[in-house]
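# sequence-free structure coming up:
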C-alpha cells in the first residue's frame, strides 16, 4: 500500500534492475514512458491516477535510472520480456498497462507475448508508418544514432539544441527533458532503434487484451491511429483535442482511468470495444 505522494524503488530482472515510481492503492496500473524520457514524464498523472489505482511507472531497461541494456542492439521483444519479469517481481498479476509512444510498443509486445499478463491496454501515440520501408529507412538517420560528448563537449551542445531549451523554447521542463535524454549515456536511442525494427502489423493482431488506442490530434501519428485500432482484435479509438503542455507529456489520466477501471462498461452494458475488421 502506497500513499499518493509515491515512492521510488528498483525491481530485479535477468537483464538488470529497473527503476520505478509508485503511488496509490487499488487495482494495479503500469505506466511506460517514451524513449529519451523517464518515469518523470508521469509526474502530473501519477497522483491523479493514484486515487483509485496502485500505479507503477516503470523505466525501460537502459533508460532513466534503470540499469544499462546489454551490449549490442536490443529488440522490443526483449524490452517486453524484461517488463514482464519486472511486473512479476513486483507481484503484479494481470495489471492494466498504459504506454506512451515507444512505451506503447513495449506494452503491446508484452501483451502479444503473454495474453494472460495484461488485463487491459492503453496505447498512447503509438508510432505507425503506413509504409514499413519508410520506418526502416530511418535507422540510417542521425536522429536515432548514438551520440558522443566529444573532446570539446560539442555533442552536449547539439543535445541541448535538439532536446533542451533551444529545441523547446518557453517549455519550463526543457532541462529535465535534456537530463532524461543524457542519463542513459550515448546509447540513449537504443529503444527507438528497436521501435523502428518492430513490426506492428505482425504483432498487434496477437494482442487479446481490450485495448484503448489513444492519441492527440496534434501528434504526427494521429492520422494513422485508426490503422493501429484496426489491427487489434478488441479496440476502441479516441483522438483527443484537449491542449497538452508539451507533446512529450500528452498523457490523459482521466481517459486511462475510465478505460482501466475494473468492470468498466459502455452505455449498452458491454465492454467499450469493437472487433477490428479483418482480424479473426
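Alright, I've got the coordinates. Bear in mind that the values here come from a model prediction, so they are computed numbers and not experimental data. Numbering: from 1, shown residues only.
# any idea how many residues pack against residue 14?
7 (other CB atoms under 10 Å). The C-beta positions use only the backbone N, C-alpha and C, and glycine is treated the same way.
# residue 46 too?
Burial of residue 46 is recorded as 25 neighbouring residues (other CB under 10 Å).
# and it, how far is that from residue 100?
For residue 46, the distance to residue 100 equals 13 Å [CB to CB, to the nearest Å].
# overlap in contacts of these two?
residue 31 (CB atoms under 8 Å, 6 or more residues apart in numbering).
# quick one: the strands in the protein?
7-13, 16-23, 28-32, 54-58, 96-100, 121-124, 211-216, 234-240, 274-275 (DSSP state E).
# turn the ones you listed into a markdown table, including mean pLDDT, mean neighbour count and distance to residue 261.
Compiled in a markdown table, the strands of the chain are given as follows (pLDDT from 0 to 100; neighbours: other CB atoms under 10 Å; distance: least, CB to CB, whole Å):
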| stretch | mean pLDDT | mean neighbour count | distance to residue 261 |
| --- | --- | --- | --- |
| strand 7-13 | 96 | 14 | 24 |
| strand 16-23 | 97 | 22 | 17 |
| strand 28-32 | 98 | 27 | 10 |
| strand 54-58 | 97 | 27 | 13 |
| strand 96-100 | 97 | 29 | 9 |
| strand 121-124 | 96 | 28 | 12 |
| strand 211-216 | 94 | 26 | 12 |
| strand 234-240 | 95 | 18 | 14 |
| strand 274-275 | 42 | 12 | 19 |
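# and these as a markdown table, adding distance to residue 156?
Listed next are the strands of the chain as a markdown table, based on distance: least, CB to CB, whole Å:
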| stretch | distance to residue 156 |
| --- | --- |
| strand 7-13 | 27 |
| strand 16-23 | 23 |
| strand 28-32 | 27 |
| strand 54-58 | 27 |
| strand 96-100 | 26 |
| strand 121-124 | 30 |
| strand 211-216 | 30 |
| strand 234-240 | 35 |
| strand 274-275 | 48 |
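# any idea how many residues pack against the closest residue to residue 112 other than its chain neighbours?
With sequence-adjacent residues excluded and distances taken as CB to CB, 6 or more residues apart in numbering, residue 112 is closest to residue 206, at 3.9 Å. By the criterion of other CB under 10 Å, residue 206 has 15 neighbours.
# next: residue 146.
Residue 146: 12 neighbours (other CB under 10 Å).
# how close does the nearest residue to it once chain neighbours are set aside get to residue 168?
Once flanking residues are discounted, residue 146 sits nearest to residue 186: 4.6 Å by CB to CB, 6+ apart. According to CB to CB, residue 186 stands 22 Å off from residue 168.
# please identify which of these two sits among more neighbours.
Neighbours were counted for residue 186 and for residue 168 using other CB under 10 Å; residue 168 has more, 18 against 13.
# so where do the helices sit in this structure?
Under the criterion DSSP state H, helices of the chain are mapped to 45-49, 76-89, 102-113, 132-137, 154-163, 174-182, 190-197, 200-203, 225-231, 253-260.
# tell me which of those helices is the most buried.
helix 102-113 (a mean of 27; mean count of other CB atoms under 10 Å).
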